[in-house]
Each structure stands twice: as C-alpha cells, then as structure tokens.
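**Q** just to be clear, the model below is a prediction. Sequence and coordinates:
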Amino acid sequence: MAQKKYLAAIDAGTIGSRTMITDTEGNVLALEYDEYPSYFPHPGWVVQNCTDWWDVICKTTHRAIEAARIDPKEIAAVAVTNQRETTTPVGPLPDMEPVMEPYTSIVWQDRRTAYDRWCPNTPGKWGNIMDWIKADENVGEREFYKRVGLTVDPYFSMGKILWIKWHMPEVFEKAACFLCVSGYISSKLCGKFVDDWTNCSRMGLFNITENKWDEYICGRMGIPIEKLPEPHPSGEVVGEVTKRAAEETGFAEGTLVVMGGGDQQCGALGIGVTEPGDIEATTGTGTFMLAYTKEPRFDTAWPPRVLCSEHCIDHVNECSMFTTGVVYRWFRDQFCREEKEVAARFKIDPYEIMNAAADTAKLGSRGTLCVPHFIGAGAPYWDPFARGVFVGLELGTTKEDMMRSILEGACFYIRASIEAMREMGLEIKEMGITGGLTRNETFNWMQAQVYNIPVYLGIEEATPLGACICAGVGAGFFKDMRDGVKKMVKVLKRWEPEPEAVEKYDKLYKIWYDIYYALKEKNIYRRLVEVAGELS
C-alpha cells in the first residue's frame, strides 16, 4: 500500500483555479493553473458557469499529480479554498446538475441586487433587494449585523439567492441546494452537500456566534435551511473522494475530503494569522484584510465598517476592498498596448514592464491620486454606487505617474480600513502580505510606508497553502491549525517604515480620504450610475 504523505489543495479563484500538492513541511511539489471565463450580460452583472470550474479543476488536478510524480494514493487528503460569496443553485445529488441558465453562477462581483432595474420582471426600483433587507419589518440592518456579522451589501450570497427567488422562482423551486464555490467542489468530490463555516459565514445566513444557519434570518428571507449545505469547521473530515470524482479528477478513490476555507481565511492561515495582533492583506483582484480575534468582535461605529467572519481557527475581523489589483490590470489592458507587445516579443509578463515604469515615477505620482472604486466601494464605505476617480491630472502627468498612482491608491484604500480596525481597538503589530500584486516590491515597500507598520511577505501561494494545512489537520499530520502553521509557513522578506516616506504619504492619504466624501456629499456617484444606466 502506498504511504500517504502528501496534501492537496484546490484553489478555485475568480479568474481561474489551481491545484497544489505539498509535503507536510510546506514544500510545493506541483502547482497547476488554468483560467475560466466570466460573462457580463448586463451592466453590473458578473456570471460564470460551475461546469467550467469543474472542467478546469479536473485538468489541473490530473496535471498536478503528474507533475509531482507521485502515486495519487500517496495523497492523504484534499481541501478546497475558493472565491467566496459566488452562488450556484444545483439539482439533487448525485448529479448536482445546474438549474439556472444560460449562466449557472452569480459571481461575488455582481451588483444586480443594488440596482436591479435591468433585471426582467423587476418592480423598477433602484436598490430593491438591498433596501428590502434593510427594512426593519423584514430583517433590519442592525439585527442582520448582530447575527451574521456582515453589512447588507450586494457582495454577499443572501441577496443573490433572493434575486433568484424573486426573478426566477422556477429556479429557486428546482434548486436542491444553494452552494458557494467551495461547497460545489467539495460536494462533487464527496457526494454530500457540505461547506465550511468560513464560507457559510459569508453568505449572510449563518449565525457566527452559534456556528449554524440562522433560523430567524433564513425565515425572514424565505430561504429554507433545507436548501443550504451542511456546515462544518475547517479541518474536519466530511467524506472521501467518490469513485465518480476519482475518475474525473485523478485523485484516488477514498482520499479524505477535508473542509478547507474561503480564499481569504486560508490565505490568512497560510501566512500565519493565528494570534491577537496578527493581520494580513491579500492583494490580487481586490484586497482582503483579516485580523485574528478569538471571539466575534463587532464594529462600534454605525453603519459598520468592519465585518466579522469565521476563520479556519476561531474568528476574524475583515475588510474587503473589491478593486485594487484589478485596476492595475484595467490600466494594462486599456492603456499599455505597447508594453504588452514588447512583453509578448520577449516572452515576459507585461507587469514586469509596467512595474519598472511605475518605479521611475516619484513618491506621490506628481500629485496624481487614484480612488480605485471601479465596481463600488467595499470596506470601510460599503457603497455599491461609488466609482473610480483620478484627481490631480495635469498636462505634465505621465503614464508612469498614473501607474504609480494606482498602486498608491490601493495602499490608501487599504489604510482606510486599517484605521477603522484601529478605532475598534484592534491591536495591529505587523502585517503579512501576499497575493499577485505583491510581486511588485515597490508596492510592498509602499505598504510599510502608508500603513506605518512593518510588513512581511509570505509565499504567493499562501491561500492553497492554508487549504493544505486544513487538509493536514484532517489527515492527522498536525494536532491543530497552529501546529500546521508552525510546520508549513515561511516568511520570505520584510519591509520597515521609513520616517520621511511615512510623513509624505500621510499628507497624501488625508487628501485622498476626503475625495470620496466630497463626491458622496453631492450624491455624485449614485446620480452618475443612474444616468449611465439610462444611456446603456
């Protein structure tokens, strides 16, 4: 019999999915990645197909096992981490056929529940679903936050499920279960409707104090708990890879299926956030910042700026910023044709050229400020109508200045959430950083200066590493999550604040901070979104 000595993680993100295989010391044997498409059928809509996720996962898992040069029977356990809040209604087991067409899944970035005037059969009122939830006679914002730790925002799954219930009632009735990405994949692997507490806590239906589906919230929204997966803590074994899943993925039948966690919680685990004072920021498409707490800790301000969620170990306070790294990608695609052509010619990443160009601009980008709210603002504002702004442009502004201003704007956005956490009394000693944008060392240096705290870099694959730690706990390799972190997590590099740069960035941040509120006061954002909708 093959000795079971390896761990596997499936990391199903927003753009694509990767399969990683490690040993029990955190050494990566294989990492395979493929992308799947998103679709944008109406303004504010972002959708995908769950069948695309599964097809990519099957391909990357086969390739990863082959690249690792191991017998799949040597893999002790597999855990899933994922883009959170994305919602998929499926039919009954064992087939789990999607019941919504032509697109099976509403992605976390989707804004339709804030301005569903573009939806079929709508009552024609802006903010219909979100406003309905906020009304005290239905749920009420304060009761919602007290129970589930979240704000009422289009980001979360509950609004997406309500949209299906209201606009596609036949789909709602046919659905045997509403699943997040992790729930869909884990259920496909083990043949049971399951998901982990961290993902359940991002749906807006899960009581984070009692660790179960909230009967009051579900009842008020008319969402039967029977249509939701069975919740389990991270690191718990929920079943084994079925024969059917083994044939499709390449895993051995009988491999343990262990509950992983949401991508941000697993990323926090994979960078070592397990104690008070620990905080991390993962910056890829957006930035998601998590601070460890033993018990749920609620924001003292109203409306709340900081969210409470389950962690792979205990709880976290979380700030989600939707558009940081994706704005850099937007600039690449819209304004860096020449850089992309040069990169293709020399077979390098276009971001390498962009990063070098941004490095030539001076601190402060010659007074150019970027407010990166390109699909609405997450924490600490929670404003689905906010939009991106460049301020300070002049005839001497260069493309390099604008590139750097996007990086600096991302840091300012993150700092706004750090300040909210500090106002709650959260201790912040240092910050672990990871994610695709941290390939840019200047961006990492900026973070230490803008936040005025030391930052340290974990491996870019911190998210699947966290899932592997969960798998290792379930397989019995580690006595608990903290033990797994000690054995698997490594620090790659550190940056310290520099007083002169800290002072300059502090002045710029205060101006940047006031820009959002100056436009908000005149209701510019919402008026612009409404007009844009009329013109589309």
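**A** Looks like it came in fine. Keep in mind the model is a prediction, meaning the values are calculated, not measured.

**Q** where exactly do the helices run in the stretch 401-536 of the chain?
**A** 441-451, 462-475, 481-488, 499-521, 524-535 (DSSP state H, counting those that start in this stretch).

**Q** with the stretch 151-300 of the chain instead?
**A** Using DSSP H, counting those that start in this stretch, helices in the stretch 151-300 of the chain cover 157-167, 169-174, 181-190, 197-200, 215-221, 243-249, 263-269.

**Q** tell me which of those helices sits most buried.
**A** Across the helices of the stretch 151-300 of the chain, averaging neighbours per residue (mean count of other Cβ atoms under 10 Å) puts helix 263-269 on top, at a mean of 32. (Each C-beta comes from the backbone N, C-alpha and C, glycine too.)

**Q** just checking, what packs against it?
**A** strand 6-12, strand 75-82, strand 278-283, strand 287-293, strand 315-321, helix 462-475 (3 or more Cβ pairs under 8 Å, 6 or more residues apart in numbering; DSSP states H and E).

**Q** redo the ones you listed as CSV? Include mean neighbour count.
**A** Converted to CSV, the helices and strands packed on helix 263-269 look like this (neighbours: other Cβ atoms under 10 Å):
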stretch, mean neighbour count
strand 6-12, 29
strand 75-82, 31
strand 278-283, 27
strand 287-293, 25
strand 315-321, 25
helix 462-475, 31
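
**Q** of all those, which lies closest to residue 455?
**A** strand 278-283 (8.3 Å; Cβ to Cβ).

**Q** so which elements touch the closest one?
**A** helix 263-269, strand 287-293, helix 399-423, strand 430-434.

**Q** need the ones you listed in TSV (columns: distance to residue 228 and mean pLDDT).
**A** Formatted as TSV, the helices and strands packed on strand 278-283 follow (distance: least, Cβ to Cβ, whole Å; pLDDT from 0 to 100):
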stretch	distance to residue 228	mean pLDDT
helix 263-269	19	93
strand 287-293	23	93
helix 399-423	29	96
strand 430-434	31	93
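
**Q** am I right that residue 158 is in contact with residue 221?
**A** Yes - if you go by Cβ atoms under 8 Å, residue 158 and residue 221 touch, sitting 6.4 Å apart.

**Q** joint contacts of these two?
**A** 133, 205 (Cβ atoms under 8 Å, 6 or more residues apart in numbering).

**Q** now the helices of the stretch 151-300 of the chain in a markdown table, with distance to residue 401?
**A** Below are the helices of the stretch 151-300 of the chain laid out as a markdown table (distance: least, Cβ to Cβ, whole Å):
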| stretch | distance to residue 401 |
| --- | --- |
| helix 157-167 | 38 |
| helix 169-174 | 48 |
| helix 181-190 | 38 |
| helix 197-200 | 39 |
| helix 215-221 | 47 |
| helix 243-249 | 47 |
| helix 263-269 | 31 |
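
**Q** which element is residue 89 on?
**A** strand 88-90 (DSSP states H and E).

**Q** which residues are in contact with that strand?
**A** 50, 96-100, 104-106, 161, 164, 171-172, 174-181, 184.

**Q** returning to what we had before: of all the helices of the stretch 401-536 of the chain, which one is nearest residue 241?
**A** helix 462-475 (12.2 Å).

**Q** and residue 236, how far from residue 93?
**A** Distance, residue 236 to residue 93, by Cβ to Cβ, to the nearest Å: 20 Å.

**Q** no, scratch that, I was asking about residue 243
**A** If you go by Cβ to Cβ, the gap between residue 243 and residue 93 works out to 14 Å.

**Q** state the phi and psi torsions of residue 138.
**A** Phi and psi for residue 138, reported as degrees, to the nearest 10, are phi -100, psi -70.

**Q** next up, the contacts around it.
**A** Per Cβ under 8 Å, 6+ apart, neighbours of residue 138: 132, 220-221.

**Q** JSON lines for these, including distance to residue 262?
**A** Listed next are the contacts of residue 138 as JSON lines, based on distance: Cβ to Cβ, whole Å:
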{"residue": "132", "distance to residue 262": "26"}
{"residue": "220", "distance to residue 262": "25"}
{"residue": "221", "distance to residue 262": "21"}
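
**Q** so which of those sits lowest on pLDDT?
**A** Least confident entry in the contacts of residue 138, by pLDDT: residue 132, with 83.

**Q** now that one. Nearest residue, chain neighbours left out?
**A** residue 138 (5.7 Å; Cβ to Cβ, 6 or more residues apart in numbering).

**Q** how about the contacts made by residue 104?
**A** 47-51, 88-89, 98.

**Q** hmm, try it at 7 Å
**A** 49-51, 88, 98 (Cβ atoms under 7 Å, 6 or more residues apart in numbering).

**Q** please apply the same query to residue 406.
**A** 327-328, 331, 370, 372.

**Q** what does residue 325 give?
**A** Here residue 325 is in contact with 283-285, 436-437 (criterion: Cβ under 7 Å, 6+ apart).

**Q** these into TSV, with extra columns for pLDDT and distance to residue 322?
**A** Output for the contacts of residue 325, formatted as TSV (pLDDT from 0 to 100; distance: Cβ to Cβ, whole Å):
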residue	pLDDT	distance to residue 322
283	91	12
284	84	11
285	83	8
436	86	15
437	92	14
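
**Q** just those now: which is nearest residue 39?
**A** residue 285 (16.3 Å).

**Q** excluding sequence neighbours, find me the nearest residue to the closest one.
**A** Nearest to residue 285 is residue 326, by Cβ to Cβ, 6+ apart, at 4.6 Å.

**Q** which SSE is the one you found in?
**A** helix 325-335.

**Q** and the next helix or strand after that helix, which residues are buried?
**A** Following helix 325-335 in sequence order, the next helix or strand is helix 337-346 (DSSP H and E). Residues of helix 337-346 classed as buried: 339, 343 (neighbour count, 16 or more other Cβ atoms under 10 Å).

**Q** off-centre distance for helix 337-346?
**A** Put simply, helix 337-346 sits 30 Å off its chain's centre (Cα atoms, centre = their mean, to the nearest Å).

**Q** per-residue pLDDT of residue 122, please?
**A** 47.

**Q** can I get the helix or strand of the chain with the lowest mean pLDDT in PDB, CA atoms only?
**A** Counting by mean pLDDT, DSSP states H and E, the weakest-scoring helix or strand in the chain turns out to be helix 128-134, with a mean of 82. Extracted C-alpha coordinates of helix 128-134, given in PDB (Å, rounded to 0.1, in the frame of the first residue of the first chain):
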ATOM      1  CA  ASN A 128     -34.800  46.900  -4.400                       C
ATOM      2  CA  ILE A 129     -33.400  43.800  -2.800                       C
ATOM      3  CA  MET A 130     -30.900  45.500  -0.500                       C
ATOM      4  CA  ASP A 131     -33.500  48.100   0.600                       C
ATOM      5  CA  TRP A 132     -35.900  45.300   1.300                       C
ATOM      6  CA  ILE A 133     -33.500  43.500   3.600                       C
ATOM      7  CA  LYS A 134     -32.600  46.800   5.400                       C
END
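
**Q** show residues contacting whichever helix or strand comes after it.
**A** Sequence-wise, the next helix or strand downstream of helix 128-134 (DSSP H and E) is helix 141-148. For helix 141-148, the external contacting residues (Cβ under 7 Å, 6+ apart) are 133-134, 151-152, 204-208, 214, 216-217, 298, 303-304.

**Q** who touches whatever helix or strand comes next after the strand holding residue 89?
**A** Next helix or strand after strand 88-90 toward the C-terminus (DSSP H and E): strand 105-106. Identification of contacts with strand 105-106 by Cβ under 7 Å, 6+ apart yields 47-50, 86-88, 160.
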